[in-house]
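Trainee: predicted structure and sequence below. I'll ask about it afterward.
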Amino acid sequence: MSERGPLGPSLLVTEPEYFTPEAIRRMSSVARVEAKRYTRAELLRRAPRYDALAVRIETQVDRTLIDRARRLKCVATATTGIDHIDAAYLLKKGIPLFSLNTEHSLPTAEHALSLMMSLARNVAWAHQAMVKGGWRRWQYVGVELAGKTLGIYGIGRIGTLVAQKAAALGMRVLAYDPYLTAREAARRGGRRVGWSEFLRSCDFFSLHAPLTKETQGRFDGAVFMRMKRFARIVNTARGAIIDEKALLRALSEDRIRSAAIDVYPEEPLPAGHPLRRYARTHANLLLTPHLGGSTQEAKKRASMQTAKALVGFFKRRG
């Protein structure tokens, strides 16, 4: 699909499924827009012809791509996180990067809660049993969220929304976020606690921290050993916050009851990945393909905000 606007800059929308026709039409008012998904090899070969890229998380805007795109003047990503982009290298080369702010916060918070509820009531595994002809209800007895303690790792925009909604369900909310005061954490809906209390006190964990050197691999084997036995964990933040091998060990040894994972260090998740293999034969690991921000409403907000940033950039350039 392509939209041709006035002669001028050439813009590639690399993952057009996530951009509305209205957003693409808006971009085409200032650039010649090509909206097409290419393989990595094809993208690298075609990169020199584009002045701008509009991407999402499946497009790796790394040094190789940036260097190949010799005409590149700006990059816009319809995501909040920018782990898929070498932002420092863009800055070094003087190429602006536009990203989102709050457009995906609400749907990601809702998805985290839906995964938490699915774990609590064994929804995914009961469904699998039903479609195969099963009915053993006693195998899928769950737990109630009311009265349970939820630990939020990183109580920023999304974590705050999760805290507020969890409190409405009758959950007690603890927060681990060393960058917030106790007063600020309380204002956002959680009681700030230290790391040890956080791990030993929570029945559920929901991860909402950015990926940094500090958070990478933070949930490893030692951490799972310190958690309350049979805790449940949800990750809609960044995949590399959890040590995947340690998670599988903890699940297989019943150190934790179950986990729901929406994000991965490598996306798309390879077909033969250990997480997929484990989930095929065990009823305590739920996987979704990075659906946190995937709602019709968020798609419209994100794609229009991205279009607005690109239109503004090229209009300023004249």
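Mentor: Alright, I've got the coordinates.

Trainee: break the protein into its domains for me.
Mentor: 2-103+296-317, 105-287 (automatic domain parsing).

Trainee: got a markdown table for those, with mean pLDDT too?
Mentor: Output for the domains of the chain, formatted as a markdown table (pLDDT from 0 to 100):
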| stretch | mean pLDDT |
| --- | --- |
| domain 2-103+296-317 | 94 |
| domain 105-287 | 97 |
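
Trainee: over to the closest residue in space to N101 that isn't next to it in sequence. Which of the three states is it?
Mentor: Of all residues not flanking N101 in the chain, T80 sits nearest, at 7.0 Å (Cβ to Cβ, 6 or more residues apart in numbering). All C-beta atoms are positioned from the backbone trio N, CA, C, and that covers glycine. Counting by DSSP: H, G, I helix; E, B strand; the rest coil, the backbone at T80 sits in coil.

Trainee: any idea how far T80 lies from P16?
Mentor: In this view, T80 and P16 are 20 Å apart by Cβ to Cβ, to the nearest Å.

Trainee: again with K73
Mentor: 20 Å.

Trainee: these two: which is more packed in?
Mentor: P16 (21 against 17; other Cβ atoms under 10 Å).

Trainee: run a quick neighbour tally on the closest residue in space to that one that isn't next to it in sequence.
Mentor: Spatially, and ignoring its direct neighbours in sequence, P16 is nearest to A35 (3.8 Å; Cβ to Cβ, 6+ apart). A total of 21 residues lie near A35 under the criterion other Cβ under 10 Å.

Trainee: gap between A35 and D262?
Mentor: For A35, the distance to D262 - Cβ to Cβ - is 26 Å.

Trainee: what ranges do the helices span in the stretch 201-318 of the chain?
Mentor: Remark: helices assigned in the stretch 201-318 of the chain by DSSP state H, counting those that start in this stretch are 221-226, 244-252, 274-281, 296-317.

Trainee: any chance of a markdown table for those, columns distance to G133 and mean neighbour count?
Mentor: Compiled in a markdown table, those are given as follows (distance: least, Cβ to Cβ, whole Å; neighbours: other Cβ atoms under 10 Å):
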| stretch | distance to G133 | mean neighbour count |
| --- | --- | --- |
| helix 221-226 | 35 | 15 |
| helix 244-252 | 26 | 18 |
| helix 274-281 | 18 | 14 |
| helix 296-317 | 34 | 18 |
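
Trainee: of all those helices, which one is nearest Q60?
Mentor: helix 296-317 (17.6 Å; Cβ to Cβ).

Trainee: what are the ranges of the strands in the stretch 101-250 of the chain?
Mentor: 149-153, 172-176, 191-192, 204-207, 231-235 (DSSP state E, counting those that start in this stretch).

Trainee: each with direction, which strands does the fourth one pair with?
Mentor: So the one you mean is strand 204-207. Paired with strand 204-207 in the same sheet, following DSSP bridges, are strand 149-153 (parallel), strand 231-235 (parallel).

Trainee: and the second one, by the same measure?
Mentor: The partner list of strand 172-176 in its sheet, established with DSSP bridges, is strand 149-153 (parallel), strand 191-192 (parallel).

Trainee: turn the helices of the stretch 201-318 of the chain into a markdown table, columns for distance to S114.
Mentor: Listed next are these as a markdown table, based on distance: least, Cβ to Cβ, whole Å:
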| stretch | distance to S114 |
| --- | --- |
| helix 221-226 | 23 |
| helix 244-252 | 20 |
| helix 274-281 | 17 |
| helix 296-317 | 14 |
